[in-house]
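> Quick one, what's the 3D model for this:
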Amino acid sequence: MLDPNDRLDQRTARSATRRIPVVIATVVVGGLAGFAALYGLGLGRAPSGDPACRAAVNTAQRIAPLAHGEVAALTMATAPLKLPDLAFEDADGGPKKLSDFRGKTLLVNLWATWCVPCRKEMPALDELQGKLSGPNFEVVAINIDTRDPEKPKTFLKEANLIRLGYFNDQKATVFQDLKAIGRALGMPTSVLVDPQGCEIATIAGPAEWASEDALKLIRAATGKAAASF
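Numbers count the residues shown, from 1 in each chain. Reported below is the predicted structural model:
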């Protein structure tokens, strides 16, 4: 014969077992409700981006068919993204910001003398600057050497790259700022930026910027010539 206390323990155990699914269901329902609430507040959705940059996405879509050949590695913007107001210095040590170039389409390039692909790319960037720079376009090549400030200047002089403006950031903050938004994964990095400071396209790695493919794409981006698709 079972002791009355044993029977009580068995009934308590069965009751606890029956309550487990109820507790689990309550937790699951509560979790789903919480997720729905967060989603309703917009926390579960990707950000819509800066409305001021929608024109840059439209430009990216329009010139996308030209991203082939020497510029096939370009990634076109698919969501509005305003770049950080990158801060750096000019050749005289004066402060510069990306916003100082508002009104122009820019090719912002990060380079360093210790980066072999960067050095190989610089002549093409210099030639691009010579061919297309003006009121509507400029190459902004920012050196991020952090040690000898004279080394990049010497490199440009010895390579006779005289058409590029010299900009530098010895703290390499510009790289970190672009990396924080997923636009600088290595060196070199180039971002095609519209006159409002919004991303049109990005490329991780070098490109032949003086090629006819690149010239056609950038002319189309600046509106200098109609893109023939």
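> Going along the chain, name the helices of this protein.
Assigned helices in the chain, in chain order: 4-40, 54-63, 116-132, 150-158, 173-180, 212-222 (criterion: DSSP state H).
> Flag the shaky bits of this protein, pLDDT-wise.
Counting by pLDDT under 70, the chain shows low-confidence ranges at 1-48, 224-229.
> Identify the residue nearest the geometric centre of it.
Centrality entry for the chain: nearest residue to the mean C-alpha point is Arg183, 2.5 Å, by CA atoms, centre = their mean.
> now that one: how far from Lys157?
Computed with CB to CB, to the nearest Å, the distance linking Arg183 and Lys157 is 30 Å. Using the backbone N, CA and C atoms, a C-beta is placed for each residue, glycine as well.
> do the same with Ala87
In this structure, Ala87 lies at 25 Å from Lys157, with CB to CB as the measure.
> ditto for Phe175
Per CB to CB, Phe175 is found 24 Å from Lys157.
> which one of those two has more residues nearby?
When Phe175 and Lys157 are compared for neighbours, Phe175 comes out ahead with 20 against 12, by other CB atoms under 10 Å.
> surely Ala73 meets Thr202?
No: under the criterion of CB atoms under 8 Å, Ala73 makes no contact with Thr202, lying 9.7 Å away.
> neighbour-wise, which of these two wins?
Higher neighbour count among Ala73 and Thr202: Thr202, with 23 against 14, using other CB under 10 Å.
> residues contacting the residue nearest to the centre of the chain?
Each residue near Arg183 by CB atoms under 8 Å, 6 or more residues apart in numbering is listed here: 83, 189, 191, 199, 202.
> try it again with 10 Å
Listed by CB atoms under 10 Å, 6 or more residues apart in numbering, the contact partners of Arg183 are 75, 81, 83-84, 108, 110, 175, 177, 189-191, 199, 202-204.
> For PyMOL, write the select line for the buried members of these.
The following PyMOL selection, which keeps only the buried ones among the contacts of Arg183, applies the criterion 16 or more other CB atoms under 10 Å:
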select buried, resi 81+83+84+108+110+175+177+189+190+191+199+202+203
